[in-house]
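Student: Compute the structure for the input listed below.
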Amino acid sequence: MLIIADASIKNKVATLVSHTYRGQEIIAKFIYYTINVTPIEAKLFAIRYGINCVVQLQDIAHIIVITDVISAAKQIFDTSVHPYQLHSITISKNLMCFFKKNLNNVIAFWVCSDSIKWLPHLLVDKDSKHLKIDC
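Tutor: Below you'll find the model as predicted:
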């Protein structure tokens, strides 16, 4: 399973996007809007949602999370007191269930900068920056 997560903030509105792939097929898309969050918190939420969806699927042994800000992913495993603990705890709980299913299960975090121009990441990035909210 491949989770590509991104977020952007414009005019204090954060757009959080996550696409989940199985092979070459997109099996889930998530777009969420929120206000008054930091960029790291927005990216963590997108990662959190993607992981939450994937760990509930059957027969998943490998998860790769791709983001353009690896420092957000590092917050997941930071055991010190920090403002993103709610996301860290939720993600850790989901991963604990994932690893209990099979001790050979694996998760990896990869960074993909915008300069690489990888199409799946470009699609997520585009969704996070160019979707409009209808009021």
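Student: how about the residue minimising distance to the centre of the chain, secondary structure?
Tutor: Centrality entry for the chain: nearest residue to the mean C-alpha point is residue 47, 1.8 Å, by C-alpha atoms, centre = their mean. Secondary structure, DSSP: H, G, I helix; E, B strand; the rest coil: residue 47 is helix.
Student: Hmm, residue 72 and it touching each other?
Tutor: Yes. Applying C-beta atoms under 8 Å as the test, residue 47 and residue 72 come out as touching, 6.7 Å apart. From N, CA and C alone the C-beta is placed, and that goes for glycine too.
Student: Pull the distance from the host helix or strand of residue 66 to the chain's centre.
Tutor: Counting by DSSP states H and E, the element that carries residue 66 is strand 62-67. Centroid separation for strand 62-67 versus its chain: 8 Å, with C-alpha atoms, centre = their mean, to the nearest Å.
Student: do the same with stretch 84-92
Tutor: For stretch 84-92, the distance to the chain centre is 12 Å (C-alpha atoms, centre = their mean).
Student: mind listing what's buried in it?
Tutor: Buried positions in stretch 84-92, judged by neighbour count with 16 or more other C-beta atoms under 10 Å: 84, 87, 88, 90, 91.
Student: pretty sure residue 15 is touching residue 37, no?
Tutor: No. In this structure residue 15 lies outside contact range of residue 37 using C-beta under 8 Å: 10.8 Å.
Student: So which residues lie in contact with the helix-or-strand element of the chain with minimal mean pLDDT, not counting its own?
Tutor: In the chain, the helix or strand scored least confidently by mean pLDDT, DSSP states H and E is helix 119-130, which has a mean of 79. Helix 119-130 has contacts (C-beta atoms under 8 Å, 6 or more residues apart in numbering) with 2, 4-8, 10, 15-19, 21, 29, 31, 66, 68, 112, 114.
Student: switch the cut-off to 6 Å
Tutor: With contacts defined as C-beta atoms under 6 Å, 6 or more residues apart in numbering, helix 119-130 is touched by 4, 6, 7, 8, 15, 17, 19, 112.
Student: number of nearby residues for the third one?
Tutor: Using other C-beta atoms under 10 Å as the criterion, residue 7 is surrounded by 30 other residues.
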